[in-house]
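> Okay, structure incoming, though there's no sequence with it:
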C-alpha cells in the first residue's frame, strides 16, 4: 500500500508546469503500449498563447504530491462555449494521471470543489482538453498501441475514477480495418454502382497556401453540419480548426484527404492521417538529438492510418455518399501501401454509422469511456 499523506496543489510556477507535462513520461516509461507524445506539442496544447481553445475555456491544473514526489495530475476545464451550446454548466476533468486510487480520489475531489465554486452541476471527462481533441478513458484492448491523437492509459484508471463516484456517461468506439482484405461484396458493388451513376467527383486536398486555406473552409462547413446533432458536440472555432489543420499538414498523406463534390460544391470529406505514433514511439517524446532521424524516415515505418473525419452534409447523407467515400478511401489506402486502419471515434448509440462501418468490414476493438459525477 502507498505510504504517506497526499496533498493536491494548483500549478502556479513554470517548474510546476514542467512537472505536470513530464509526469506521464515517468509514470509510463516501462509501459510497452504507451506512446510518448512530443513534449513540444504537450506544452503548446496547455498554452493559451498557442492553443485557441483557451479563448473560450478556463483551465486549472493541479499536481498531487506524496511527500516531495509528484504522484498525479489533473486539469479542471470550464468551457464557456460548451455551456452556451448545450445550455448547461459542466466542469470537465482531463490530463488525468495517478499512481493509485487514493491519489485519483484526491485529484478528482479538487476538481469537484472547483466545480462547485464555479456553479457547475456535474464533472465530466476525461477530455484533453475537449471532445474535439483527445477524449475518453480506455477501458479495454490494453494490449494495442493507440493510433495518433488517441489516448492510452493503464487498465487500473477506470477503477480509480469509479472509486471516486463516477459513472459512465457515454462510450466512444474505435474500429479496426484490415486494409489487405477486400471490401465486403455488397459494399464494393454498391460503391461501384454509385461511381457509375453518381455525378459526384472526388478531389484530393490542395496543399498550396491558397488552396489549403480554401479547403479548410470547406472542411469547416461539412464538419460543423455533419456532427451538429452528435452528443456533446461543440462546433470548434475557426482558429481551432485552422490550428489543427496546420499542425497536421507536415505529416499528411494528401491521397488520404479528399472531398466529394457535387456541381462544384464540397458535400463530403474524408480526413485520414498516417499513424505517426509508429514513429513517435521510437522518439521518446523528443525531436532531438535522435528523434529527428526517426521522423525523417517515417515513410519507411508507417503502415497504419487513422480516419479522423468521414462526414457528409445532412442534405446529401441519404444519397449513398458514405459507401462511395469508404470505397474510395479503401482504394487509395491500399494503393499507398497501408496495411491497417482505424476509424475513431463513433458514439456507441450512433446506430446508423456503426451499422455501416460493420457492413464495410470494420471490427469494433476499442472502447473509450467518458465518465460523469453529479454534484
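Alright, I've got the coordinates. Not measured: the values here are computed from a predicted model.
> In the beta-sheet assignment, what are the partners of the spatially closest residue to residue 11 that is not a sequence neighbour?
Leaving aside its sequence neighbours, residue 11 sits nearest to residue 61 (C-beta to C-beta, 6 or more residues apart in numbering; 3.8 Å). C-beta coordinates here come from the backbone N, C-alpha and C atoms, glycine included. Beta-bridge partners for residue 61, by DSSP bridges, are residue 75.
> for the stretch 101-250 of the chain, what spans make up the strands?
Assigned by DSSP state E, counting those that start in this stretch, the strands in the stretch 101-250 of the chain fall at 122-125, 127-128, 134-135, 137-138, 167-178, 201-204.
> Mind listing what's buried along the last one?
I take that to be strand 201-204. Of all the residues in strand 201-204, those buried under the rule 16 or more other C-beta atoms under 10 Å are residue 202.
> do stretch 149-167 as well
Quick answer for stretch 149-167 (16+ other C-beta under 10 Å): 149-154, 157-158, 160-162, 164, 166.
> Now tabulate those residues in CSV and tack on distance to residue 303 and pLDDT.
Shown next, in CSV, are the buried residues of stretch 149-167 (distance: C-beta to C-beta, whole Å; pLDDT from 0 to 100):
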residue, distance to residue 303, pLDDT
149, 18, 94
150, 17, 97
151, 21, 97
152, 19, 97
153, 24, 98
154, 26, 97
157, 28, 98
158, 30, 98
160, 34, 98
161, 33, 98
162, 36, 98
164, 39, 98
166, 37, 98
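> which of those residues sit farthest apart?
By the measure C-beta to C-beta, 149 and 164 form the most distant pair in the buried residues of stretch 149-167, at 26.5 Å.
> of the buried residues of stretch 149-167, closest to residue 281?
For the buried residues of stretch 149-167, the closest approach to residue 281 (C-beta to C-beta) belongs to residue 152, at 10.9 Å.
> ok, back up a step: which one of the buried residues of stretch 149-167 sits closest to residue 106?
Using C-beta to C-beta, residue 164 comes nearest to residue 106 of the buried residues of stretch 149-167, at 9.0 Å.
> for the closest one, phi and psi?
For residue 164, the backbone dihedrals (degrees, to the nearest 10) come out as phi -90, psi 10.
> Could you number the chain from 53 rather than 1 from now on?
Right, with 53 as the first residue, what we last looked at is residue 216.
> these two touch, right, it and residue 161?
Yes. Under the criterion of C-beta atoms under 8 Å, residue 216 makes contact with residue 161 at 7.3 Å.
> all helices in this structure, in order from the N-terminus.
66-79, 91-97, 132-138, 153-170, 208-215, 237-249, 261-278, 290-300, 329-335, 343-348, 350-353, 373-387, 403-411 (DSSP state H).
> give the contact list for the nearest residue to residue 204 once chain neighbours are set aside.
Sequence neighbours aside, residue 198 is the residue nearest to residue 204 in space, at 4.3 Å (criterion: C-beta to C-beta, 6+ apart). With contact set as C-beta atoms under 8 Å, 6 or more residues apart in numbering, residue 198 has these partners: 85, 87, 190, 204, 329.
> again, only using 7 Å
Applying C-beta atoms under 7 Å, 6 or more residues apart in numbering, we find residue 198 in contact with 87, 204, 329.
> Would you check how far apart the residue nearest the centre of the chain and residue 203 are?
Geometric centre of the chain, nearest residue: residue 186, 3.4 Å, by C-alpha atoms, centre = their mean. Shown here: residue 186 relative to residue 203, a distance of 5 Å by C-beta to C-beta, to the nearest Å.
> Overlap of the contact sets of those two?
By C-beta under 7 Å, 6+ apart, the residues touching both residue 186 and residue 203 are residue 180.
> separation between residue 266 and residue 360?
Shown here: residue 266 relative to residue 360, a distance of 19 Å by C-beta to C-beta.
> out of those two, which sits in the more crowded spot?
Set residue 266 next to residue 360 and count neighbours by other C-beta atoms under 10 Å: residue 360 wins out with 21 against 13.
> ok now do that one, which residues does it touch?
Counting by C-beta under 7 Å, 6+ apart, residue 360 makes contact with 323, 324, 325.
> Filter these down to the buried ones.
Buried subset of the contacts of residue 360 (neighbour count, 16+ other C-beta under 10 Å): 323, 324, 325.
> And the pLDDT at residue 335?
Residue 335 is assigned 69 on the pLDDT scale.
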